[in-house]
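Novice: output the structure for:
(one chain, ligands or ions: 2)
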Amino acid sequence: MVPNLGPNKGVADLVPPRFPTTSPGLVAMCSYCGCRNIPMIAKLNAEHEAIVNSSYALEIAFRDQDLEAARLACKELRDLLHPHTHREQVGLFAEMEKDELFTEHVASLCAEHDELDADLDAIAAGDLPRIQTMITLLNNHIDREENGLFPAALAYLDDTQWDIIHRPELMNGPEDGHTHSHPH
Ligand SMILES: [Fe+2]
Ligand SMILES: [Fe+2]
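Specialist: Ligands and ions are numbered 1, 2, ... in the order given. Take a look at the predicted model:
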């Protein structure tokens with residue numbers, strides 16, 4: 001039976017606030033801290049949404065045990081993932097890892113980027129059971145960023161570092177996973 005909580009109680013009152021589960025320095029929560037108002041964080045979060053949406057095609061390929069569909073889904077996911085992880089690693093991560101409080105945490109996130117790549121290679125080569133492992137890792141990885149590193153960045157980075165993170169080639173750069181240092 002659903003308890004009567006009175007006129008001022010809603011579902012939100014029943015949901016406990018989320019607490020960080022990662023490194024000791026990661027103290028803030030994305031839903032509350034306002035980091036989504038920062039252009040790069042907003043961009044990375046929007047990319048996460050597209051990546052998660054794209055991963056559903058892989059789940060369907062697994063359900064249907066359809067290798068060709070899985071290969072296509074891997075390619076689409078990889079095309080979204082690569083410019084995104086590049087943007088993270090050369091921007092926000094590069095600034096955060098300068099603080100030794102976050103060096104290890106950033107290294108583990110970078111290792112997960114490599115692991116996701118290896119998973120996609122293996123799936124495209126025919127290892128369909130790995131789809132579920134990959135999707136679990138992907139969702140956990142995004143959670144560690146959105147509810148761990150990104151809010152911590154808001155608390156720890158200074159204006160100069162944010163300017164570096166917001167440099168045009170990272171905010172507006174090519175979507176193919178690399179940036180050019182030379183003009184065309
Ligand atoms: Fe990442
Ligand atoms: Fe990410």
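
Novice: in stretch 88-99, what's buried?
Specialist: Residues of stretch 88-99 classed as buried by neighbour count (16 or more other CB atoms under 10 Å): 88, 90, 91, 92, 93, 95, 96, 97, 99. C-beta coordinates here come from the backbone N, C-alpha and C atoms, glycine included.

Novice: extract the C-alpha set from that stretch and format it as PDB.
Specialist: In PDB, the C-alpha atoms belonging to stretch 88-99 read as follows (Å, rounded to 0.1, in the frame of the first residue of the first chain):
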ATOM      1  CA  GLU A  88      37.700  14.600 -22.300                       C
ATOM      2  CA  GLN A  89      41.300  13.400 -22.300                       C
ATOM      3  CA  VAL A  90      43.000  16.400 -23.800                       C
ATOM      4  CA  GLY A  91      40.800  18.900 -22.000                       C
ATOM      5  CA  LEU A  92      39.100  18.400 -18.700                       C
ATOM      6  CA  PHE A  93      41.100  15.200 -17.800                       C
ATOM      7  CA  ALA A  94      44.400  16.900 -18.600                       C
ATOM      8  CA  GLU A  95      43.600  19.700 -16.200                       C
ATOM      9  CA  MET A  96      42.200  17.500 -13.400                       C
ATOM     10  CA  GLU A  97      45.100  15.100 -13.400                       C
ATOM     11  CA  LYS A  98      47.500  17.900 -12.500                       C
ATOM     12  CA  ASP A  99      46.000  17.800  -9.000                       C
END
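
Novice: show me what that stretch is in contact with.
Specialist: Residues lying outside stretch 88-99 but in contact with it, judged by CB atoms under 8 Å, 6 or more residues apart in numbering, are 25, 40, 44, 102-103, 105-107, 109-110, 113, 145, 149-150, 152-153, 156-157, 161, 164-165, 167, 170, 179.

Novice: now with 10 Å, please.
Specialist: Stretch 88-99 has contacts (CB atoms under 10 Å, 6 or more residues apart in numbering) with 25, 38, 40-41, 43-44, 47, 85, 87, 102-107, 109-110, 113, 145, 149-150, 152-153, 156-158, 160-162, 164-167, 169-171, 173, 178-179.

Novice: same question for stretch 71-82.
Specialist: 47-48, 50-62, 66, 113, 116-117, 119-126, 131, 134-135, 138, 175-178.

Novice: please pick the buried ones from those.
Specialist: So, by 16+ other CB under 10 Å, the buried ones in the contacts of stretch 71-82 are 47-48, 51, 54-55, 57-58, 61-62, 113, 116, 119-120, 122-124, 131, 134-135, 138.
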